[in-house]
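**Student:** next input, structure requested:
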Amino acid sequence: MLFAIFCTDKPNSSEIRMANRSLHLDYLQGAIDRVVVAGPTQTDDLSGMSGSLLIMEFSDKSQAEDFAAHDPYAVAGLFDTVIIRPWKQVFPDT
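**Tutor:** I've put the predicted structure just below:
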């Protein structure tokens, strides 16, 4: 089952993001077989990053929640909010 994990950074937290970026990327690499797409959201003026969007495969929501909770960004306190929703791909057809 696919889940969208939408994370919003706390205000003025770019230093936390940059300090933990390599750990975060390593964490995602360790689950690469579950990743459909992942990347940062950007500020409206494209001057920086404002959060993260991941679409990943898990057997249930509790696995998605566990994965999100152990992301090095989350552990470091980067996120203001984390929203996890089941997601269904419609386009393009798979």
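**Student:** ok, and what's touching the longest helix anywhere in the chain?
**Tutor:** Longest helix in the chain, counting residues (DSSP state H): helix 14-29. Identification of contacts with helix 14-29 by C-beta atoms under 8 Å, 6 or more residues apart in numbering yields 9-10, 35, 38, 48-49, 54, 70-73, 76-78. Every C-beta, even on glycine, is put in place using the N, C-alpha and C of the backbone.
**Student:** which of the residues you listed are buried? Put it as a PyMOL command.
**Tutor:** Buried subset of the contacts of helix 14-29, written as a PyMOL selection, criterion 16 or more other C-beta atoms under 10 Å:
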select buried, resi 9+38+49+54+71+72+73+78
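**Student:** just checking, residue 54 touches residue 32?
**Tutor:** No - at 11.8 Å, residue 54 and residue 32 do not qualify as touching, with contact defined as C-beta atoms under 8 Å.
**Student:** the longest helix of the chain: how far from the chain's middle?
**Tutor:** Distance, stretch centre to chain centre, for helix 14-29: 11 Å (C-alpha atoms, centre = their mean, to the nearest Å).
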